[in-house]
Every structure is written in structure tokens, then in C-alpha cells.
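> Based on what follows, work out the 3D shape:
(one chain, ligands or ions: 3)
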Amino acid sequence: ATSAGDSTLREVFQHSVTSGSGGGLPLLIQRTLSKQVSLIECIGKGRYGEVWKGVWHGEHVAVKIFFTRDEQSWKRETEIYSTVLLRHENILGYIGSDMTSRNSCTQLWLLTHFYPLGSLFDHLSRTALSHYDMVNICLSIANGLVHLHTEIHGTEGKPAIAHRDLKSKNILVRINGTCVIADFGLAVLHTQSTGKIDLGTNPKVGTKRYMAPEVLDESINLECFEALRRADIYALGLIFWEVCRRTVSSGIAEEYKIPYYDVVPSDPSFEDMRKVVCTDNYRPSIPNRWSSDPILSGMAKLMRECWHQNPNVRLSVLRIKKTIQKLSASDHKVPFSYEDEVCV
Ligand code: ADP
Ligand code: MG
Ligand code: MG
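Numbering: from 1, shown residues only. Ligands and ions are numbered 1, 2, ... in the order given. Model prediction:
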């Protein structure tokens with residue numbers, strides 16, 4: 001790493017020698033991470049950088065390489081992953097960050113655990129699901145979001161975090177079918193005792209297709225952290241819809257579709273989305289077959305409560321988690337129990 005890299009990393013970690021018990025390796029080791037990794041293949045390319053599969057100490061890892069013009073996202077993700085107590089079975093496992101120089105170009109790296117099944121979007125495009133798979137996916141996402149949204153008090157606590165870019169491409173699928181939440185470049189922190197909201201300095205906004213009506217019509221109050229949580233819940237409702245479409249009952253499932261596939265073009269504009277979501281108050285349609293399936297009709301009711309026009313009547317993610325647990329318990333095909341667990 002360059003000396004400039006060192007000071008920026010140090011700035012991100014607020015002068016601490018380690019990156020905190022929350023996530024990642026001690027800072028001194030992070031500085032040399034990029035030298036210890038061999039890149040194997042590019043598995044994702046976006047507007048803001050690339051994700052590579054790599055090998056680090058004999059293990060597969062994912063390396064997210066940010067373009068320098070998106071330094072703010074790298075900084076924010078590094079900051080968020082370094083949060084004490086962020087580690088959780090439904091949050092992407094973080095290894096460390098590095099700022100390095102290659103061919104006199106600065107490169108910003110973020111190392112995480114590697115998930116061979118890729119994103120939930122990829123998974124749903126490939127595979128239909130059983131009820132058990134569906135519950136596993138929805139419950140694990142809700143479980144991760146409960147951990148994110150909840151402040152834990154005390155010196156070893158964690159602030160509440162709003163994600164602000166939830167979508168099926170930002171959720172990764174484990175081999176065992178549970179999910180983790182990823183991509184924290186836009187996340188926002190909140191500590192109740194100080195009332196302080198840390199919006200970060202990222203000029204980027206979330207994905208238009210998943211933006212809540214109050215974000216699209218710009219009526220959202222960004223000073224109010226609860227409002228940011230509720231915008232996450234809207235996006236969660238859309239993700240549940242994507243998952244339930246792929247869930248087989250009586251031998252049938254819908255093909256994979258992205259939310260609003262039927263009413264906006266690919267890469268929709270802000271205006272396209274605002275017309276559909278705010279003006280027309282249109283939402284993804286619920287297939288008829290769901291009504292004869294108790295679990296899918298329960299999920300349909302849940303998603304309507306998530307994507308409601310009025311943010312104040314949307315459910316909290318804790319309530320959502322409990323509702324899914326209840327639904328799955330009432331379905332004898334899904335013998336399911338789920339632990340509340342924080343991995344420190
Ligand atoms: P961006 O901020 O550019 O959207 P993401 O962190 O969302 O970057 O990663 C982009 C894509 O790369 C994801 O949608 C997913 O398909 C893939 N990806 C990211 N991290 C991993 C990982 N740890 N394991 C496997 N695939 C990943
Ligand atoms: Mg992403
Ligand atoms: Mg991102």
C-alpha cells in the first residue's frame with residue numbers, strides 16, 4: 001500500500017490500530033492485503049467498479065475493486081464493515097480493505113467472503129424454490145435487516161444502520177440457501193443517545209427501481225432515521241415479491257422478473273419510476289395462484305404492508321420476521337426454527 005493509502009485507511013478507522021472487534025483484520029495486516037491475494041476471474045462489473053473471485057491464504061475470497069471516482073462508496077463500506085458488532089450470520093462476512101497502487105493507479109480494495117451462488121437475483125433467475133427455500137431466504141434477509149436496523153447500546157454496541165440500496169442484486173446466497181445482505185456503499189448510521197444521523201458524504205443515491213414513493217417524490221425527511229428504515233422496508237417488500245414468484249405450489253411457479261418489469265423500461269429514469277409508483281400508485285401484481293397457498297397468500301399480505309404508499313403504516317422488520325416465522329410454523333411442510341444470534 002502507498003503512504004497515501006495508509007493515511008486514508010487510518011482516517012477510515014479513526015486512528016485505531018485495529019479495525020475494531022466488529023469486522024476485519026487488524027489495520028497493520030489490512031495494509032498488505034492486496035499483496036496476499038491472487039485474482040482469478042471477474043465475476044461482476046458495474047458502473048462503479050468490479051468484483052473478482054480471488055484466493056487468499058488458500059481460501060476463495062471476493063475482491064471488490066472500486067474506481068477511484070467512487071472512493072466515497074469504498075470509504076463508507078469500509079467504515080460500515082468496521083463497525084463494532086456488525087458481524088452477523090446474515091451480513092456479508094468482511095475480511096478487510098486496502099488502498100494500493102498498481103501501475104501508478106490507485107486501487108481501492110474490499111475483501112469479503114466469497115459466495116459461489118452469487119446474488120439472489122442470479123439465484124432466482126436460475127432456480128425455482130420450495131416453500132422451505134422461500135422461507136429460508138426471506139427469513140434470513142429479515143434477520144439480517146433486524147440486526148442492521150437495531151441499535152445495540154453500550155460501549156461495545158452498534159449504531160442503527162439503514163441500508164438504502166436493498167435489492168436482489170445486493171443480497172448473496174449461501175450454499176445452504178440462507179442469505180446475507182451486502183453492498184453498504186450508501187448505508188447511514190444513527191445513534192439515538194446523540195440523535196446524530198451520519199449520512200456520509202456519498203453523492204450517490206440508491207437504485208431507482210427500488211426507491212420508495214417518498215424518495216421518488218422527494219417528500220422523505222432525511223433528518224428522520226425512522227424514515228430511512230421505512231424506505232428499506234419498501235424495498236424488502238419488492239424483494240419478497242421476486243422470491244415468492246419463484247416459489248412452487250401445485251407444480252407451478254412464475255418465471256423470474258425484476259419488480260416493475262411490466263411498466264418501466266430497463267434502466268428507468270427517476271420520472272418513469274415516479275409516475276408508476278407515486279402518481280399511478282401501481283405495485284407488482286400478485287398472481288392468482290398465490291391465493292390458494294396459505295404461505296404465499298400470507299407473504300402477499302406481508303409485501304402489501306411493506307410497500308404501502310404511506311410509510312407510517314409499513315411494518316418494522318422485527319414484526320416482519322415474526323410474521324414469517326408464524327407463517328412457516330403454521331405450514332407443516334416447513335419445519336423451521338430460527339435462532340436470534342449475534343456472532344461477535
Ligand atoms: P456494486 O456496489 O458495484 O453494486 P456489489 O457489492 O453489489 O457492488 O457487487 C456487485 C455484484 O458482484 C453483486 O451483485 C454480486 O453478483 C457479485 N458479488 C459481490 N460480492 C460477492 C461475493 N462476496 N461473492 C459472490 N459474488 C459477489
Ligand atoms: Mg450492488
Ligand atoms: Mg453499491
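
> Flag every residue of the chain that's near ligand 2.
170, 183 (C-beta under 5 Å from the ion). For glycine as for every other residue, the C-beta is placed from the backbone atoms N, C-alpha and C.

> pLDDT weak spots in the chain?
Scanning the chain for pLDDT under 70 picks out 1-22, 28-30, 332-344.

> Could I get the full set of helices for it?
Using DSSP state H, the helices assigned to the chain run over residues 3-12, 27-30, 33-36, 71-81, 120-126, 131-149, 213-216, 225-245, 270-274, 294-306, 317-330.

> could I get those as JSON lines with distance to residue 190?
What follows is the helices of the chain, written out as JSON lines (distance: least, C-beta to C-beta, whole Å):
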{"stretch": "helix 3-12", "distance to residue 190": "19"}
{"stretch": "helix 27-30", "distance to residue 190": "25"}
{"stretch": "helix 33-36", "distance to residue 190": "30"}
{"stretch": "helix 71-81", "distance to residue 190": "12"}
{"stretch": "helix 120-126", "distance to residue 190": "26"}
{"stretch": "helix 131-149", "distance to residue 190": "9"}
{"stretch": "helix 213-216", "distance to residue 190": "17"}
{"stretch": "helix 225-245", "distance to residue 190": "4"}
{"stretch": "helix 270-274", "distance to residue 190": "26"}
{"stretch": "helix 294-306", "distance to residue 190": "21"}
{"stretch": "helix 317-330", "distance to residue 190": "15"}
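
> now the ones you listed in a markdown table, with mean neighbour count?
Shown next, in a markdown table, are those (neighbours: other C-beta atoms under 10 Å):
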| stretch | mean neighbour count |
| --- | --- |
| helix 3-12 | 15 |
| helix 27-30 | 18 |
| helix 33-36 | 18 |
| helix 71-81 | 23 |
| helix 120-126 | 19 |
| helix 131-149 | 24 |
| helix 213-216 | 22 |
| helix 225-245 | 24 |
| helix 270-274 | 16 |
| helix 294-306 | 19 |
| helix 317-330 | 18 |
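
> Looking at these, spot the one closest to residue 194.
Residue 194 sits nearest to helix 225-245 of all those, at 11.6 Å, using C-beta to C-beta.

> Could you show which parts of the stretch 51-200 of the chain are in contact with ligand 3?
Within the stretch 51-200 of the chain, the positions lying close to ligand 3 (C-beta under 5 Å from the ion) are 183, 185.

> about what we covered before: which among the helices of the chain is found nearest to residue 203?
Closest approach to residue 203 among the helices of the chain (C-beta to C-beta): helix 71-81, 7.0 Å.

> pull the CA atoms of the closest one into CSV?
What follows is helix 71-81, C-alpha atoms only, in CSV (Å, rounded to 0.1, in the frame of the first residue of the first chain):
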residue,chain,number,x,y,z
GLU,A,71,-13.9,6.5,-3.3
GLN,A,72,-16.8,7.6,-1.2
SER,A,73,-18.5,4.2,-1.5
TRP,A,74,-15.3,2.3,-0.6
LYS,A,75,-14.8,4.6,2.4
ARG,A,76,-18.4,4.1,3.6
GLU,A,77,-18.4,0.3,3.1
THR,A,78,-15.1,0.0,4.9
GLU,A,79,-16.5,2.2,7.7
ILE,A,80,-19.7,0.2,8.0
TYR,A,81,-18.0,-3.2,8.0
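
> Start and end of stretch 47-67, how far apart?
By C-alpha to C-alpha, to the nearest Å, the extent of stretch 47-67 from end to end equals 9 Å.

> Please name the residues that touch residue 76.
Going by C-beta atoms under 8 Å, 6 or more residues apart in numbering, residue 76 touches 184, 185, 186, 187, 200, 202.

> who touches the second one in this structure?
For residue 185, the residues meeting the contact criterion (C-beta under 8 Å, 6+ apart) are 48, 70, 72, 73, 74, 76, 77, 165, 202, 204.

> redo that, cut-off 10 Å
Taking C-beta atoms under 10 Å, 6 or more residues apart in numbering, we find residue 185 in contact with 48-49, 64, 66, 70, 72-78, 80, 110, 163-165, 170, 200, 202, 204, 206.

> Also the fourth one?
Neighbouring residues of residue 187 by C-beta under 10 Å, 6+ apart: 76-77, 79-81, 83, 148, 161-165, 181, 198-200, 202, 228, 232.

> Need the helices of the chain in JSON lines (columns: distance to ligand 1).
Formatted as JSON lines, these follow (distance: least, C-beta to the nearest ligand atom, whole Å):
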{"stretch": "helix 3-12", "distance to ligand 1": "17"}
{"stretch": "helix 27-30", "distance to ligand 1": "17"}
{"stretch": "helix 33-36", "distance to ligand 1": "15"}
{"stretch": "helix 71-81", "distance to ligand 1": "6"}
{"stretch": "helix 120-126", "distance to ligand 1": "6"}
{"stretch": "helix 131-149", "distance to ligand 1": "14"}
{"stretch": "helix 213-216", "distance to ligand 1": "18"}
{"stretch": "helix 225-245", "distance to ligand 1": "13"}
{"stretch": "helix 270-274", "distance to ligand 1": "18"}
{"stretch": "helix 294-306", "distance to ligand 1": "21"}
{"stretch": "helix 317-330", "distance to ligand 1": "20"}
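
> Nearest to residue 106 among those helices would be which one?
Minimum separation from residue 106 across those (C-beta to C-beta) falls at helix 3-12, 7.4 Å.
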